[in-house]
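# I would like the atomic coordinates for the input below:
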Amino acid sequence: DVGASAIGKALSVNAVLKELYLYYNFIGDAGAEALAGALHVNAGLTDLDLRSQSIGDTGAAASANALSVNAVLTKLDLENNEIGPAGAEALASMLRVNAVLKVLWLGGNSIGDTGAAALSDALRVNAVLTELQLGGNSIGDTGAAALSKALRVNAVLTTLVLSGNNINENKKKQLRDAVQ
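Numbering: from 1, shown residues only. The predicted model follows:
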């Protein structure tokens, strides 16, 4: 995406811009990769909104790779994209090492139980993420069980959104019990 490439180049040298909202521009994986290149070196951006961009697993992995070394971005919105289990696994790897990201919105993707399990493993060791939005991700009972186990040991996550998934009442109760 030419526009995302231009924005990426500008972000590489700009240390003043704190928030960037690009939702509904449909930059796709190529645009996400261009922006990710800038996130490797940008020292100012704290809030990046990339919802509804047609970003898939490749773009999510590029973003995750950049955020593994980025020390300033605290909020990333990737809602309503095309991220599946592989993209969630890449983001989970990033969460294991990232020490600043506090808010991650992934609602309206298709991470499923596999992606939820990967994120759950990361939540066991992540000490900074306070908000995780996973609504509408085709997460079922297996993913909910993994999240319940992670919540028992994670002491910092204060908001977890799971609305619009396929979780039965028993697993919902396990989730509630895990945070009490």
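
# Assign the residue most central in space within the chain to one of the three secondary structure states.
Central residue of the chain (Cα atoms, centre = their mean): Leu104, 4.3 Å from the mean position. Three states are possible here, and by DSSP: H, G, I helix; E, B strand; the rest coil the one that applies to Leu104 is strand.

# Next, work out how far apart it and Asp113 are.
Here the distance between Leu104 and Asp113 works out to 18 Å (Cβ to Cβ, to the nearest Å). Any C-beta I mention is one placed from the backbone N, CA and C, and that applies to glycine too.

# now Leu147: how far from Asp121?
Leu147 sits 10 Å away from Asp121, going by Cβ to Cβ.

# Check Thr114 too.
For Thr114, the distance to Asp121 - Cβ to Cβ - is 11 Å.

# For Val2, give me its contacts.
When contacts are counted by Cβ atoms under 8 Å, 6 or more residues apart in numbering, Val2 touches no other residue.

# how far does the helix or strand containing Ala150 sit from the chain's center?
In this structure, Ala150 is located in helix 141-153 according to DSSP states H and E. Relative to the mean C-alpha coordinate of its chain, helix 141-153 is positioned 17 Å out (Cα atoms, centre = their mean, to the nearest Å).

# Now Ile83: closest residue in space, sequence neighbours ignored.
On the basis of Cβ to Cβ, 6 or more residues apart in numbering, the spatially nearest residue to Ile83 that is not a chain neighbour turns out to be Asn109, at 4.0 Å.

# Name the surrounding residues that touch stretch 128-138.
Counting by Cβ under 8 Å, 6+ apart, the neighbours of stretch 128-138 from elsewhere in the structure are 79, 95, 98-112, 115-116, 119, 123, 156-166.

# Show the buried residues in those residues.
The neighbour-count test (16 or more other Cβ atoms under 10 Å) applied to the contacts of stretch 128-138 identifies 79, 95, 98, 101-112, 115-116, 119, 123, 157, 160-162, 165 as buried.

# Quick check: Asp57 touching Ala86?
Yes - counting by Cβ atoms under 8 Å, a contact exists between Asp57 and Ala86, whose distance comes to 4.1 Å.
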